[in-house]
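K.L.:
Sequence and predicted structure below; questions after.
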Amino acid sequence: MGELRVVRHTDHFDEGCRFYGDILGWTVTKAWDEPSPGRIFGYGDSARVELLPLDGAPAVAGVYLAVEVENVSAVHATILAAGMSATQPMADQPWGHRNFGIVDPTGLTIVFFEVIE
């Protein structure tokens, strides 16, 4: 099976790379600098976020990433410790998820969730 890759053109390339690499700790699976820079960050076996710089990149609307994690409270604490704030507070959902949401530095909304009993 192949990979699922979300590609984000952004005018906040460096900030996005710091977020996915340094804050979330996702591995760079591919990086290049010519003809213009790009980075692919891996999550799990087949999910990827690819960042490409683009001046005047359009805002993201009508889509968000939902990322399952083992310990959503730990991810929440990491995000807050990095100086970011949640745009959707931590909450237990009736469908069996504990989750919270943020907007990443590129303007993409991410909902981190953990399956709960």
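P.N.:
That came through, no problem.
K.L.:
List the contacts of G42.
P.N.:
By Cβ atoms under 8 Å, 6 or more residues apart in numbering, the residues touching G42 are W26, T27, V28, T29, R48. The way it works is simple: take the backbone N, C-alpha and C, and place the C-beta from them, glycine included.
K.L.:
May I have the phi/psi pair for the closest residue in space to it that isn't next to it in sequence?
P.N.:
Among residues not flanking G42 along the chain, T29 sits closest, at 4.1 Å (Cβ to Cβ, 6 or more residues apart in numbering). Phi and psi for T29, reported as degrees, to the nearest 10, are phi -90, psi -20.
K.L.:
May I have stretch 38-51 as CSV, with CA atoms only?
P.N.:
Extracted in CSV, the C-alpha atoms of stretch 38-51 (Å, rounded to 0.1, in the frame of the first residue of the first chain):
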residue,chain,number,x,y,z
GLY,A,38,10.5,21.3,0.3
ARG,A,39,10.1,18.9,3.2
ILE,A,40,8.0,15.8,3.8
PHE,A,41,7.2,14.9,7.4
GLY,A,42,6.2,11.3,8.2
TYR,A,43,3.6,10.2,10.7
GLY,A,44,3.3,6.5,11.2
ASP,A,45,3.8,4.1,8.3
SER,A,46,2.0,5.9,5.5
ALA,A,47,0.8,9.4,6.5
ARG,A,48,2.8,12.4,5.3
VAL,A,49,2.6,16.2,5.4
GLU,A,50,4.5,17.9,2.6
LEU,A,51,5.4,21.6,2.9
